[in-house]
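Student: need a 3D model of the sequence below.
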Amino acid sequence: MSSESSTKVVALTTDLMDRSKISRGIPGVSFSLTGDADVVVVDLAKGVDQVRAVRSTHPAARIVAYGPHVDDQSMDAARAAGADVVLPRSRFFRDPSASVLAAL
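Tutor: Numbers count the residues shown, from 1 in each chain. Next up, the predicted model:
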């Protein structure tokens with residue numbers, strides 16, 4: 001990511017493999033939403049309620065959500081809940097940095 005030093009990215013996932021892949025793709029990413037964040041990445045495996053919660057507590061943050069490509073219902077619900085970018089897992093993990101930049 002070309003502006004990672006000025007863009008605060010937080011990823012909300014408890015999956016250790018996802019965390020590892022995200023850390024490699026987005027240097028400086030945090031996994032705890034404390035304070036402000038420019039972009040919040042949400043793993044839809046934990047439910048769409050996370051998107052709603054982030055949107056209500058951090059209204060200015062851009063939200064990137066990812067989930068299984070076969071779960072159209074969750075992806076549609078994430079969009080309706082306020083996610084700015086919603087991607088299948090495979091597309092998000094192909095280039096996490098580009099996914100975050102797409103939200104800016």
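Student: hey, let's count contacts and neighbours off CA atoms from now on
Tutor: Fine.
Student: and the residue of the chain positioned farthest from its centre, what element?
Tutor: Farthest-out residue of the chain from its mean C-alpha position, per C-alpha atoms, centre = their mean: V70, at 18.2 Å. Assigned by DSSP states H and E, V70 falls within no helix or strand.
Student: show me what contacts it?
Tutor: Neighbouring residues of V70 by C-alpha atoms under 8 Å, 6 or more residues apart in numbering: there are none.
Student: got phi/psi on it?
Tutor: V70 has phi and psi values of phi -90, psi 0 when expressed as degrees, to the nearest 10.
Student: shouldn't I63 be within a strand?
Tutor: Yes: under DSSP: H, G, I helix; E, B strand; the rest coil, I63 falls within a strand.
Student: circling back: distance of the residue farthest from the centre of the chain from P88?
Tutor: With distances taken as C-alpha to C-alpha, to the nearest Å, V70 is found 8 Å from P88.
Student: swap in S97?
Tutor: To P88, S97 is 15 Å away according to C-alpha to C-alpha.
Student: now swap in K8 and tell me
Tutor: Applying C-alpha to C-alpha to K8 and P88 gives a distance of 23 Å.
Student: which parts of the protein are strands?
Tutor: 9-12, 39-43, 62-67, 85-88 (DSSP state E).
Student: quick check: angle from the longest one to strand 39-43?
Tutor: This means strand 62-67. Angle, strand 62-67 to strand 39-43, by axes from the mean of the first three to the mean of the last three C-alpha atoms, to 10 degrees: 20 degrees.
Student: if anything else comes up later, I'll come back, but that's it for now.
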